[in-house]
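Trainee: just coords:
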């Protein structure tokens, strides 16, 4: 049984580079623990993550997965498909966020805005209406997303709420695989300029900003323990998307 005192701190995990099913399973498991958590991570190979309610999966996405070009996984959070591999992803677990979702987004993204402002790259929220009609998260910029002054979208975010607790995912685009992007979405990748910081420097800048601007208890660093990894591993198949997948809602219901 977990130490009840752990909920007094924000669990901050190392930057794991893992497969998509592992990354999603870890995030959903952290949400189920009841405390606050934050982590930044990378993806082991190109992965397309689908939003919880994204029902239509084009045949060519499955064909690319079958050919070994990428993995398909189902996120606990909503929104549209995101191509991972050339991005840095964050997962924020907030046990007592404000009930207003737009307010929650704004407070949960302040640390990102502060970090990018330090890089001389100010980011503002998008203004497009949220919609389930599209397939590609980065094809539009809603109030959940952060964009540069020229309108190019740097960070796409999505949420999952459970019992008043919030899991917020975000993809920070860095080095996009433009050919794979074009094949997936039949449109060019976002025209994003390289950032003046990358790798560990960028991650440290983000973590420092999170410590100052996220409304969470102080951070406590530490890796996942063996027994935690075993518990997470038991649910990996729930996040993998195969050639024939049950409904997203039924799949995620089995994780709670």
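Mentor: Yep, it's here. In this text, all values refer to a predicted model and were calculated from it rather than measured experimentally.

Trainee: how near is residue 90 to residue 191?
Mentor: The span separating residue 90 from residue 191 equals 23 Å under the rule Cβ to Cβ, to the nearest Å. (Each C-beta comes from the backbone N, C-alpha and C, glycine too.)

Trainee: higher neighbour count, the two?
Mentor: When neighbours are counted by other Cβ atoms under 10 Å, residue 90 comes out ahead of the other of residue 90 and residue 191, with 25 against 10.

Trainee: Quick check: which element contains that one?
Mentor: Assessed by DSSP states H and E, residue 90 sits inside strand 87-94.

Trainee: Likewise for residue 224?
Mentor: In this structure, residue 224 is located outside every helix and strand according to DSSP H and E.

Trainee: Help me confirm that it comes into contact with residue 12.
Mentor: No. Residue 224 sits out of contact with residue 12 when judged by Cβ atoms under 8 Å, with a separation of 11.6 Å.

Trainee: Which helix or strand contains the residue nearest the centre of the chain?
Mentor: Among the residues of the chain, the smallest C-alpha distance to the mean C-alpha position (Cα atoms, centre = their mean) belongs to residue 169, namely 2.9 Å. Using DSSP H and E, residue 169 sits within strand 165-173.

Trainee: Please name the residues that touch the residue nearest to residue 22 when sequence neighbours are not counted.
Mentor: Using Cβ to Cβ, 6 or more residues apart in numbering and skipping the chain neighbours, the partner closest in space to residue 22 is residue 236 (6.6 Å). Contact criterion Cβ atoms under 8 Å, 6 or more residues apart in numbering gives 21, 22, 25 as the residues in contact with residue 236.

Trainee: ditto for residue 46
Mentor: By Cβ under 8 Å, 6+ apart, the contact list for residue 46 reads 69, 70, 71, 83, 84, 85, 177, 180.

Trainee: just the residues you listed now: which is nearest residue 115?
Mentor: Using Cβ to Cβ, residue 84 comes nearest to residue 115 of those, at 19.8 Å.

Trainee: Hmm, that closest one is touching residue 19, no?
Mentor: No. Look at residue 84 against residue 19 with Cβ under 8 Å: they stay out of range, at 10.6 Å.

Trainee: Neighbour count: these two, which is higher?
Mentor: Between residue 84 and residue 19, counting by other Cβ under 10 Å, residue 84 is the more crowded of the two (24 against 17).

Trainee: So what pairs up with the more buried one in the strands?
Mentor: residue 47 (DSSP bridges).

Trainee: Against residue 126, how distant is it?
Mentor: 20 Å.

Trainee: Repeat that for residue 93.
Mentor: Between residue 93 and residue 126 the computed distance is 24 Å (Cβ to Cβ).

Trainee: again, but for residue 24
Mentor: When Cβ to Cβ is applied, the distance between residue 24 and residue 126 equals 24 Å.

Trainee: Next: residue 173.
Mentor: 14 Å.

Trainee: Also residue 85?
Mentor: Here the distance between residue 85 and residue 126 works out to 23 Å (Cβ to Cβ).

Trainee: go on, residue 152?
Mentor: 11 Å.
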